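**Q** Fold the following for me, if possible:
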Amino acid sequence: MSEPNHVKEAADAKARVRAAYNTVSKAVSLQTHADGGTDPVAVTAVAANARLSMSAGAAYLLSRLDPATPPALAAAVRAFAGLLEDIAMNSLAGVANEDPVQAVRLRDAEAASTRIAEMCK
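**A** Model prediction:
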């Protein structure tokens with residue numbers, strides 16, 4: 001592969017990851033900040049959508065990686081996706097956000113998200 005073609009492929013891969021990251025970031029933010037009010041069914045539905053946004057978002061991000069994705073960006077996306085999966089699965093298992101280990105996951109996911117946003121500028 002010639003250098004100009006390689007550069008274009010890497011730029012295209014980065015653009016795909018950026019678009020996917022923006023979609024996932026918006027979905028997770030929207031779903032994790034939704035308010036179900038006081039109705040227990042609505043509260044459960046909101047929680048389920050939050051977990052789904054993280055789980056599906058992780059899979060969506062990983063599916064947008066390809067060999068041309070810059071290695072540092074690919075590593076950051078994999079780390080973020082893994083954290084989203086861990087948070088979602090532990091939430092489904094009844095682990096509260098206030099649990100010390102879950103709280104660390106949440107902080108780490110926020111930091112990983114910030115890294116990706118910086119890399120995608």
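
**Q** hey, let's count contacts and neighbours off CA atoms from now on
**A** Will do.

**Q** what's the helix or strand for residue 8?
**A** helix 3-32 (DSSP states H and E).

**Q** So for that helix, what gets flagged as buried?
**A** Neighbour counts over helix 3-32 (16 or more other CA atoms under 10 Å) mark 9-10, 13-14, 16-18, 20-21, 24-25, 27-28, 31-32 as buried.

**Q** If you count contacts, what does that helix end up packed against?
**A** With contacts taken as 3 or more CA pairs under 8 Å, 6 or more residues apart in numbering; DSSP states H and E, helix 3-32 sits against helix 40-63.

**Q** looking at this protein, which helix or strand is least sure?
**A** Lowest on mean pLDDT, DSSP states H and E among the helices and strands of the chain sits helix 3-32, with a mean of 92.

**Q** Report the angle between that one and helix 40-63.
**A** When axes from the mean of the first three to the mean of the last three CA atoms, to 10 degrees is applied, the directions of helix 3-32 and helix 40-63 differ by 170 degrees.

**Q** Could you check how far helix 3-32 is from the centre of its chain?
**A** Helix 3-32 has its C-alpha centroid displaced from the chain centroid by 12 Å (CA atoms, centre = their mean, to the nearest Å).
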